[in-house]
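1. What follows is a predicted protein model with its sequence.
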Amino acid sequence: MKHIRIALLILATFLLAVPAVAAPIVEEIINKANLTSYYAGDDGQALVEMTITDSQGRTRQRLFTILRKDVEDGGSQLYFVYFKKPSDVRKTTFLVHKFIDKDDDRWMYLPSLDLVKRIASSDKRTSFMGSHFLYEDVSGRNISEDHHELSEETADFYIINNTPVHPESVEFTSYLVWVDKQTFLPMKAEYLTAPGKPYRRVEVLESKVIEGFPTVTKSKVTNLVNGAHTVSEFSKIKYNIGVKESIFTERYLRRPPREARK
Amino acid sequence: MICTLLGSLTAQAGMSELKNSLYDTYEIDTAGFIEARGGIRTKNDPYEKEYSLAEARLQLDLSKDYSWGVVKVKGELLADGVENKVIGDLRDLNLLFSPLDSMDMKIGRQVLTWGTGDLLFINDMFPKDWQSFFIGRDDEYLKAPSDAIKTSYFTNLANIDFVWTPIFDESNHISGERISYWNGVLGRTAGRDYIFEVDNRNSLFDDSEFSLRLSRNIKSMEIALYAYSGFWKEPEGMTMEQSPRLRYPRLSVYGASLRAPIYKGIGNIEVGYYDSRQDRDGNDPYTRNSEARLLTGYEQELAHNFTGGAQYYLEYMRDHNAYKSSINNGTERDKFRHLFTIRLTKLLMNQNLILSLFTYFSPNDRDAYVRFKSQYKMDDHWLLEAGVNLFQGKHDHTFWGQFENNSNLYAAARWSF
C-alpha cells in the first residue's frame, strides 16, 4: 500500500513537472517559427545566390536552384538542388530526403562521370558547399534536438534560448533566436560557446510576403570570431507550384527537371 | 607551351566573352576549362618515356534546352607532349528527351555509369580508361564515353534502364604505350617495346552490347538487378596464329546490388557472375575463365569534414584447375583474388582544400596501389592539383605489381569558365 502511494506521488510529481519544463507558449512559438521558415506552402522553389567572403575578404559565388516538397507539415521533406555556379560544380544535382526521426538520405549526381553517389550524412553541422551556412541552416534543425525556453519578450520579438539535448553533438553551448511576433519568422540567431560569448550569427537582412507567406529574401551568416561571412539572396521564389514527388528520385537527379534548369 | 596557354589572360577573357555571346545569341549554355598537367615517373622504366604526363587540354561543354529535350556537346582538344600529338575528342554528343511521360531516351555519345562500388566495378560494363586513371588525369577520364542508346522506363514496380551499344566500345586497355605491363608471351614486363596487335570488334549488330538494369528503392534501400551481353571490356583473349594478337572474347554478366544506410553511414553489396562464353570449360589458356565477383563496402563521416570508407572485393575463378594446368609456369592467378580498398577524404580551409587517399591492396597477390591527391580551389576559376600514383608488388605478374615501374607524381593547374 505504501509503495503504491509513493508510486502515485512520483507519478503526480512527474505529471505536474512536465508543463513546467515546456511551457506551451514556447512550444507554440517554436512550432510556428519552424513551420513558417521551412514549411511554407506544400512546396516551393527559389534561385539562391550565395556570396562567400573569407576572413581576408576574398569572395566566391554559388548559384543554385532549390526545389522543396513537404511530405508532412513539420515532418519529412524532399529537397532537390541544381547547381549552376561555379563551373566546377555546374550541373551537379543534389537530392535530400529529410526525416525527423532518422538521418536524412542524400544523393549527389556528378554529370561528368554519370555517377549517382550516396552521401553518408550523419553530421548536419557541416558547411553547405563551402559556405558559412550549415546543412542544418538550409533544411532546418530538428526542434526536438534542443530544450527551448522563452528568455525575453520585447515589443517585436520573442527571444528564445535553446540548449542542446545532446551537447556533445554540436559545437555550441546554446543559441538565442529572435522570432518576429507578427510573422513568426526567426529574424536572428546567435550561437554561443559560453554565456555571453556569441561566435556565430545568422540573420535575416530582407524579407517580404510572397503569395501570402512571410519569406526571407536575403540572409547572412557571420563568423563573429574572424568576420568571414556568407550572404544568400533568394529570387524567383514561388510556392504551391505542384512539384511532383517523382522529381525527387534518381530519374531527375540524372536529368534535372526544367523547373530547376531555368 | 603550357605557360603560354595558361598565362594567357586574353584567352581567359575570350572564353568568358564566348560564353556570354553564345548564351545571348543562341541560348547555348557554355562551360569548360583550360588545363595544363604534367607528371614524372618515380622509378626508371626501361620501356617507357621519363615523363608520364605533359599535356594541355581545352574542354568545351555546350548544351541547349529545347521544349522537347536537351542537346549536349562536350568536346576536347588535347596537346599531348608524351605521345607528341594533338587530338580532338568528343565526350558527349547526345540528345536527351522523353518520348513518353514515364520514359527517357538518351541517344548518342555519352558517359554511362551504374552500380555501387567505389572505383571498383562489377556490373558497370561501360568503357573505362584505366590508363588515364593511372597516370594522374582527372577522375572524369576514368570513364570513357559510349556510342549508345539508353532507354529508361519508370514504373511503380521498378525502373528499367536498357542500353544498346550498336558497336562494341572497349575500355582503353593498358597497351604498353604509356604504362609498362606484364607480358605473358615474353614472360617479363614490357612496354613500348612490345605493343600487341588487337583484333577490334567493329561489326554492327554482331558486335553489339546490351546492358540492362532493373532498380527499385524501398524506403532508404536501393536494390538493383543487372544483365549484360557483350564482350570482356579489356582484351582478355589471345589468338596464337603466326604472331599473338589480343582479342575481346564474348561475355555475359548477371548481377545484383543493394545499397542502404547502415549504422552511421552507407553500406553496399554487389555481386556478379561473369560467364566467359567462349571458354565455359575454362581449359582454353588464351581466353579468360568465368568468374564470380563480389564487393561490399561501407562509408561514413568519421569527424567534421572527414570521411572514411572501406571495401572488400573478391574475384573467384570458376575452373581454376583447368586454368592452372593450361598455363603452369608459376605466373597463374590465384583461384581467389582478394582486394581491399580504403578511402579517406578530408576537407580543409572552408572545403577549398581537398585531401584524398585511396588505396587498393590485395593480400593474396601481395600488391597495392595507392592514390593520393590534393586539390586546392584558389577561387571560383582556378584549381591546383598535385598527386601521387604508387604501385607496389612482390611479383611482376600480379594485377598491381606489374605496374610498379609506373609509379608517378603529377601536378596540374586548371582554369574553369
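-> Thanks, I have the structure now. None of these values were measured; they are calculated from a predicted model. Residues are numbered from 1 along each chain as shown, chains lettered A, B, ... in the order given.

2. Just the closest residue of the stretch 151-300 of chain B to chain A, please.
-> Going by Cβ to the nearest Cβ, chain A is nearest to residue B:265 of the stretch 151-300 of chain B, at 4.1 Å. (C-beta placed from N, C-alpha, C; glycine too.)

3. Is there a neighbour count for that residue? I'd like the number.
-> Residue B:265 has 21 neighbours, counted by other Cβ atoms under 10 Å in any protein chain shown.

4. what do you get for residue B:387?
-> 17.

5. how near is the closest residue to residue B:144 other than its chain neighbours to residue B:234?
-> Closest residue in space to residue B:144, ignoring its immediate chain neighbours: residue B:127 at 4.0 Å, by Cβ to Cβ, 6 or more residues apart in numbering or on different chains. Distance, residue B:127 to residue B:234, using Cβ to Cβ, to the nearest Å: 10 Å.

6. Same question for residue B:176.
-> Using Cβ to Cβ, residue B:176 is found at 13 Å from residue B:234.

7. Is it correct that residue A:261 is in contact with residue B:64?
-> No: judged on Cβ atoms under 8 Å, residue A:261 makes no contact with residue B:64 at a distance of 11.2 Å.

8. Can you pull the residues that touch both of those two?
-> Counting by Cβ atoms under 8 Å, 6 or more residues apart in numbering or on different chains, residue A:261 and residue B:64 have no common neighbour.

9. can you tell me which residues contact residue A:30?
-> Applying Cβ under 8 Å, 6+ apart, the residues near residue A:30 are A:143, A:148, A:160.

10. From these, pick the one nearest chain B.
-> The nearest one, if we look at those relative to chain B and count by Cβ to the nearest Cβ, is residue A:143, at 22.3 Å.

11. you'd agree that closest one is up against residue A:37?
-> No: between residue A:143 and residue A:37 there is no contact under Cβ under 8 Å: 11.3 Å.

12. Give me the below-cutoff pLDDT ranges for the chain.
-> Picked chain A for this. Scanning chain A for pLDDT under 70 picks out A:1-24.

13. The intended chain is chain B.
-> Looking along chain B with the criterion set at pLDDT under 70, you get B:1-11.

14. can you give me the strands in the stretch 201-350 of chain B?
-> For the stretch 201-350 of chain B, applying DSSP state E, counting those that start in this stretch gives strands covering B:209-218, B:221-231, B:237-241, B:243-247, B:250-262, B:265-276, B:291-303, B:306-317, B:336-348.

15. export these to a markdown table and tack on distance to residue B:78?
-> Shown next, in a markdown table, are those (distance: least, Cβ to Cβ, whole Å):
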| stretch | distance to residue B:78 |
| --- | --- |
| strand B:209-218 | 26 |
| strand B:221-231 | 27 |
| strand B:237-241 | 30 |
| strand B:243-247 | 25 |
| strand B:250-262 | 31 |
| strand B:265-276 | 33 |
| strand B:291-303 | 33 |
| strand B:306-317 | 32 |
| strand B:336-348 | 28 |
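
16. Of all these, which one comes closest to residue A:128?
-> Distance to residue A:128, taken as Cβ to Cβ, is lowest for strand B:336-348 among the strands of the stretch 201-350 of chain B, at 12.4 Å.

17. Buried residues of that closest one, list them for me.
-> B:337, B:339, B:341, B:343-347 (16 or more other Cβ atoms under 10 Å in any protein chain shown).

18. so what does that strand touch, helix or strand wise?
-> Counting contacts by 3 or more Cβ pairs under 8 Å, 6 or more residues apart in numbering or on different chains; DSSP states H and E, strand B:336-348 packs against strand B:306-317, strand B:353-362.

19. Which stretch among those approaches chain A most closely?
-> Going by Cβ to the nearest Cβ, the one of the helices and strands packed on strand B:336-348 nearest chain A is strand B:306-317, 6.4 Å.

20. chain center to that closest one: distance?
-> 17 Å (Cα atoms, centre = their mean, to the nearest Å).

21. Buried ones in that strand, by neighbour count?
-> Buried residues in strand B:306-317, counted by 16+ other Cβ under 10 Å: B:307-311, B:313, B:315-317.

22. Among these, which ones lie close to chain A?
-> When contact is defined as Cβ under 8 Å from any Cβ of the partner chain, the buried residues of strand B:306-317 meet chain A at residue B:307.

23. Distance to residue B:140 for the buried residues of strand B:306-317 - can I get that in TSV?
-> Shown next, in TSV, are these (distance: Cβ to Cβ, whole Å):
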residue	distance to residue B:140
B:307	20
B:308	24
B:309	20
B:310	24
B:311	21
B:313	23
B:315	27
B:316	32
B:317	32
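
24. Compare residue A:143 and residue A:37 and say which is more crowded by neighbours.
-> Counted by other Cβ under 10 Å, residue A:143 and residue A:37 do not tie: residue A:37 has more neighbours, with 19 against 15.

25. In a strand, the more buried one, correct?
-> No: counting by DSSP: H, G, I helix; E, B strand; the rest coil, residue A:37 is not found in a strand; it is helix.

26. That one contacts residue A:213, correct?
-> No: if you go by Cβ under 8 Å, residue A:37 and residue A:213 don't touch, sitting 10.1 Å apart.

27. Can you name the residues of the stretch 201-350 of chain B sitting close to chain A?
-> B:215, B:217, B:220, B:222, B:259, B:261, B:264-266, B:268, B:299-301, B:304-305, B:307, B:350.

28. Excluding residues flanking it in the chain, which one is nearest residue A:111?
-> In space, residue A:111 is closest to residue A:91, 4.8 Å off (Cβ to Cβ, 6+ apart).

29. I'd like to know how many residues surround that neighbour.
-> Around residue A:91 there are 19 other residues, counting by other Cβ under 10 Å.

30. Let me see the backbone angles for it.
-> Note on residue A:91: backbone dihedrals following degrees, to the nearest 10 are phi 70, psi 0.

31. Contacts only, for it.
-> Residue A:91 neighbours (Cβ under 8 Å, 6+ apart): A:82-84, A:111, A:256.

32. can you map out the helices along chain B?
-> For chain B, the helices defined by DSSP state H occupy B:2-7, B:9-26, B:130-135, B:320-327.

33. Buried deepest among those helices, which one?
-> helix B:130-135 (a mean of 20; mean count of other Cβ atoms under 10 Å in any protein chain shown).

34. Quickly check: it near chain A or not.
-> No: counting by Cβ under 8 Å from any Cβ, no contacts exist between helix B:130-135 and chain A, the nearest distance being 11.7 Å.

35. who touches that helix?
-> Residues contacting helix B:130-135 (Cβ under 8 Å, 6+ apart): B:39, B:52-53, B:139, B:141-142, B:171-175, B:177-179, B:389, B:403, B:406, B:408, B:410.

36. What residues does chain A have near chain B?
-> Near chain B, when you scan chain A using Cβ under 8 Å from any Cβ, you find A:52, A:54, A:58, A:60-61, A:85-88, A:90, A:97, A:102-103, A:105, A:112-116, A:118-123, A:125-127, A:129-130, A:228, A:246, A:249-251, A:255, A:258, A:261.

37. Going by neighbour count, which of these are buried?
-> Using 16+ other Cβ under 10 Å as the burial test, these include A:52, A:54, A:60, A:85-88, A:90, A:97, A:103, A:105, A:112-116, A:118-121, A:123, A:127, A:129-130, A:228, A:249-251, A:255, A:261 as buried.

38. Ignoring the adjacent residues along the chain, who's closest to residue B:344?
-> Once flanking residues are discounted, residue B:344 sits nearest to residue B:357: 4.6 Å by Cβ to Cβ, 6+ apart.

39. Pull the contacting residues for the one you found.
-> Listed by Cβ under 8 Å, 6+ apart, the contact set of residue B:357 reads B:342-345, B:370-373.
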